[in-house]
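> Following is a predicted model, sequence given first.
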Amino acid sequence: MTQFVDLIPPPARGRRSGPRGSVFVWANIVVLGWLALAVALLAVHDVLGLPVWVALHALLLGAVTNAIVIWSEHFVVTLCRVPGPPPRRLALGLTVLNLFITAALIGVAADATVVAGAGGAGVAVIATVHTIALFRMTRTALPGRFGYLVGYYTAASAALVLGALSGAALAIGAAQWYVRLWTAHVHLTLLGWVGLSVLGTLFTLWPTTTGTRITDSTLTAARRALPTLAAGLLAAVAGMLTATVWVTVAGLLCYTAGIVLTIIPLRPATTPHGPAAWMLAAATAWLGISVLLDAVRLLVAGSVEDLPGVVTTVMPVLAVGFAAQVLVGALTKLLPVVLGRGPAEHRAIADILARGWQLRLIAANLAVPLVAVGLPSPLPQLGWALAALSVATFLVLALRVAIPVARRGAFPLEPAQKQAHGTTSGVLAGLIAVALAVAVAGSGQDTTATAPVSAPTHTVEVTLTGMRVHPDTVDVPAGTRLVLRVTNQEAMPHDLRLDTGQHTPRLHHGETALLDVGPVGETRHAWCTVAGHRAAGMTMTIRTPSDHQHTTPDSHSDDNGNNSDTAPTAGLDLAADPTPGWVPRDATLAPTTATLHRIELRATEQDLEVAPGRRERRWTFADTSPGTVPGPTLHGRVGDQFEITLINDTTIGHGMDFHASALAPDGPMRTIGPGERLVYRFTATRAGAWLYHCSTMPMSQHIANGMYGAVIIDPPDLPAVDHEYLMVSSQLYLGAPGSDNQVRKIQAGQPDGWMFNGMAAQYDHAPLTAHPGQRIRIWLVNAGPGDSTAFHVVGAQFDTVYKEGARLLRPSETAGGAQVLDLAPAQGGFVELTFPEPGHYPFVDHDMRHAENGAHGLFTVTEQHR
Amino acid sequence: MIDIWTIVRFLHVLGAIIWVGGQLTITIVVLPPVRRMLSADDRAGMLRTVGKRFAIITMAVFLPNQVTTGVLLAWQHGVTWATLLQPGYGRILAAKLLLFTLVMVAAALHGIAQARHQPGKARAASITALVGSLGVILLATALAESTAH
């Protein structure tokens, strides 16, 4: 038995226009609207900073999904002769569906994961309702010969439910399951939802389009192909979720076999003619080719790890060659059915929709290899432009017929109106010329925007792997010109986009791109724009060390939700290794010999290790090069004479202030300019641990950047000890000396760390040594510039405390001991102790914020070998 | 401040406004009512007159003005033949010049087709010229932005 199929159902009561009333007309306009949005987004997503995901989903989730929902319902109603739902319910369902789709799109575009997840879940709910509705429709009446359609549409809807749920999970963030879920999502939606719907429809749409009869053998083939297709899809998805290559490949091959089973009974006896037939044929061919390509490439790769890379080359084929083309082809055939009321109107509308179709067909199918094969730029862009133009031209034509019908209820049939032809080809030619010109204009790296900047350039290697950006935090001094060398080490394509809009291209496995961040002034965030990757944790923060200081003091988490209780040292890694060749500052206090101390102190600028592995520019005093922080220690006795020659080797003014001296500051403490010399003489009249520092305003900056040192004047009755150490405590302010950031931190009293002898955690990496029972004297000067210090040795007690010229505790006073030497800024003194037994004795500033952020060191006490 | 270069740029922009605005006005504003209200003969006569007038203005005023002011502006920006190929400003300008040439070719084809009484071809050529002109404006905007950096 054979028959011609009429896609127009018998007239229903209350019919206003077209076969299914105005709801159906408007639903098709919504499809066209989504298609228009997809084309527009494809053209401008880069300018707007939106991921290409949004354009793809406007096409697949917006246009294609809407079309499938309304047309699958229409085919079931028409061919199975069942009553359709009331228009109001159809309108409600479609409205809700489009609201959820919009939510999903906006959610991903605006990075609102909850909205995106809710949108995806909502689509799944609507898909479930749709499935149940189809099922119930056929239960009320005997489906007859076309009952197989319900099977296809139900299977497709089930795939959409799973696809939407997996999509929602991806949007929310699926960390280590991302790759498996993502590939499953792509295949469930493209091969399941779109593929099964299209293939099922093809058994009736194709004969209608080509004007051939539907034979019983066609319908038998339709019933047979579905189990093969469904089994193939299930196996492929199962293989992806379990990361089993051979199961995935077998599933894909099985699905391909299903496509072949579909095509064989439908192969035309004569060459098809007309736009719809050619587009449907080409689309089906691309579906078969892409699934086969998927399977073969995966087989060659041999690892599920490579699946994302494989899918990304196949996906453009599916989107441009199959999904977009099948939609345009089907609408070319179906829109006249909806919009026209009689043969004359049908023909008039079909004529308009067919305009320039050969050109459009060639453009769309030429675009597919261009976008898929991984050709060098600008060929892929040209491919996308061709595809967009082809679809856009159809859109213009379709809206030209659909909108008058929607507005007036009928297609204005006025054949007398003689319209000059040439509009379509004129628009097409103009758009192609503009697209080519824009492509030429935008090609190459714009050198005018990246004019050389005098700031120092810093290049950081960044790898994208395991759904993470490594490193996820980069600290650079303010003003540094930062360049990121981004390499994708994963099969899944990634990119990296800055909040300023600069971004790398989509990088495939092993590809590297440079991302010029430019001078870094404040915290910048970067992330991978592939949908869901940001939610899964592919983010990166570029900081100038000062930035996080300016968050409110009571905030306990930074922008990434990380705990920031240790915020002050977030820029420091105290456990890091010091840079190669690093030499610790010798803490041993050299014995004093002469009574006249003549020394040349040069103000210099040096790059010094201020924390493990971190070198920064510092202002220092140097007797012999290189300079150090603290500056050279002067050690003498009461009555000794000191003659210091200060030489300014820097480019700004500096001065000198010796607390060990008592004299009128007017002359000796004056600021001298670059290249000038100043001789400073004094006699030490009082014992003590004295500070010296630069006397130039603002002193806080000069001290914070390292211009300080100690003068130790021994008290007259000071006995000899086994070890005499000197610690100068100070605060660490990271950043370029005098930079806005550093100055702000200094003024706010928010250091990045605390340190002994000019480097945070220095003596954790180079512990001081002693033996049990040895008498240790530790001199201490607090250089500041601002904080007090509370020196303590863990596990030991002081039997001697000398502070600010006074002995507070002597060993003879056996009853008492001391635990802390507390010093305000610029105060000094010493403590003495003996270690009772071998072990590791930390010494700290017992203000634990200071200790935990660098003011920490170790005594390694070992048995003495004689 | 307004200096001589402001005047040159003003003339360049003014020329573009008249050319693109003229095309848009004729296509969108003038043609539809003309088609509706005039008889076939009147229409043909009217369109021929408008077309000729626009062509004369183009040849006599628009083209010389755009080329002169364009060359002056390029010279002021230090554009040389070599910089035209460099990415960024030079390449955008080169693309704009190419597109402008295409637009002029399309406009000439429009005149030829009109003279040969081929309305379909004439319409296609005029719409190509119009879309292309909008593209020229787009690239001109990109050019202005690229210098602002």
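Perfect, I can see it now.
> The top helix by length along chain A and chain B, are they touching?
The longest helix of chain A (DSSP state H) is helix A:379-408. No: applying Cβ under 8 Å from any Cβ of the partner chain, one finds helix A:379-408 separated from chain B by no less than 11.4 Å. C-beta coordinates here come from the backbone N, C-alpha and C atoms, glycine included.
> buried set for that helix?
Using 16 or more other Cβ atoms under 10 Å in any protein chain shown as the test for burial, helix A:379-408 gives A:380-395, A:397-399, A:401-402, A:405-406.
> Read off the pLDDT value for residue 143.
I went with chain A, as the question did not name one. According to the prediction, residue A:143 has pLDDT 58.
> could you do chain B instead?
82.
> ok, residue A:93 - contacts?
Counting by Cβ atoms under 8 Å, 6 or more residues apart in numbering or on different chains, residue A:93 makes contact with A:69, A:85, A:126, A:129, A:130, A:133.
> how close does residue A:431 get to chain B?
Plainly put, residue A:431 is 6 Å away from chain B if you go by Cβ to the nearest Cβ, to the nearest Å.
> actually residue A:133, not the one I typed
Taking Cβ to the nearest Cβ, one finds residue A:133 at 45 Å from chain B.
> tally of neighbours for the nearest residue to that residue once chain neighbours are set aside?
Residue nearest to residue A:133 in three dimensions, not counting chain neighbours: residue A:85, with 6.7 Å by Cβ to Cβ, 6 or more residues apart in numbering or on different chains. Neighbour count for residue A:85, taken as other Cβ atoms under 10 Å in any protein chain shown: 16.
> residues contacting residue A:85?
A:73, A:93, A:133, A:137.
> Out of those, who's the most crowded?
Of the contacts of residue A:85, with other Cβ under 10 Å as the count, residue A:73 tops at 23 neighbours.
> Convert the C-alpha atoms of the one helix or strand that one maps to to PDB, please.
Counting by DSSP states H and E, the element that carries residue A:73 is helix A:65-79. Presented in PDB, the C-alpha positions along helix A:65-79 are these (Å, rounded to 0.1, in the frame of the first residue of the first chain):
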ATOM      1  CA  THR A  65      14.200  22.600  20.100                       C
ATOM      2  CA  ASN A  66      11.200  24.900  19.600                       C
ATOM      3  CA  ALA A  67      10.900  23.600  16.000                       C
ATOM      4  CA  ILE A  68      11.000  20.000  17.100                       C
ATOM      5  CA  VAL A  69       8.500  20.500  19.900                       C
ATOM      6  CA  ILE A  70       5.900  22.200  17.700                       C
ATOM      7  CA  TRP A  71       6.400  20.100  14.600                       C
ATOM      8  CA  SER A  72       6.700  16.700  16.300                       C
ATOM      9  CA  GLU A  73       3.400  17.500  18.000                       C
ATOM     10  CA  HIS A  74       2.000  18.600  14.600                       C
ATOM     11  CA  PHE A  75       3.100  15.500  12.800                       C
ATOM     12  CA  VAL A  76       1.600  13.200  15.500                       C
ATOM     13  CA  VAL A  77      -1.700  15.100  15.400                       C
ATOM     14  CA  THR A  78      -1.800  15.200  11.600                       C
ATOM     15  CA  LEU A  79      -0.600  11.700  10.700                       C
END
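> Specify the next element, helix or strand, located C-terminal of that helix.
Next helix or strand after helix A:65-79 toward the C-terminus (DSSP H and E): helix A:87-109.
> Does the top helix by length along chain B reach chain A?
Secondary structure of chain B per DSSP H: the longest helix is helix B:119-148. Yes: Helix B:119-148 reaches chain A (Cβ under 8 Å from any Cβ) through B:119-132, B:134-135, B:138-139, B:142, B:146-147.
> among those, which ones are buried?
Buried among the residues of helix B:119-148 next to chain A (16+ other Cβ under 10 Å): B:119, B:121-132, B:134-135, B:138-139, B:142, B:146.
> ok, back up a step: ok, so of the contacts of residue A:85, who is nearest residue B:48?
Checking the contacts of residue A:85 against residue B:48 with Cβ to Cβ, the nearest one is residue A:73 at 53.8 Å.
> Now do the closest one, the pLDDT please.
83.
> sorry, back to before: between all of the contacts of residue A:93, which two are at the greatest distance?
Maximum pairwise distance among the contacts of residue A:93 (Cβ to Cβ): 13.6 Å, between A:85 and A:126.
> need the contact list for the residue in the stretch 251-400 of chain A positioned nearest to chain B.
Relative to chain B, the nearest point of the stretch 251-400 of chain A is residue A:356 (10.6 Å; Cβ to the nearest Cβ). Going by Cβ under 8 Å, 6+ apart, residue A:356 touches A:393, A:424, A:425, A:428.
> Run through the residues that contact the residue lying closest to the last one once chain neighbours are set aside.
Closest residue to residue A:428 in three dimensions, ignoring its sequence neighbours and counting by Cβ to Cβ, 6+ apart: residue A:393, at 5.7 Å. Going by Cβ under 8 Å, 6+ apart, residue A:393 touches A:356, A:360, A:424, A:427, A:428.
> for chain A, what are the nearby residues on chain B?
B:86-89, B:91-92, B:94-96, B:98-99, B:102-103, B:106, B:119-132, B:134-135, B:138-139, B:142, B:146-147, B:149.
> Over to residue A:597. Which of the three states is it?
Under DSSP: H, G, I helix; E, B strand; the rest coil, the three-state class of residue A:597 is strand.
> quick one: it and residue A:235, what's the gap?
Taking Cβ to Cβ, to the nearest Å as the measure, residue A:597 falls 87 Å from residue A:235.
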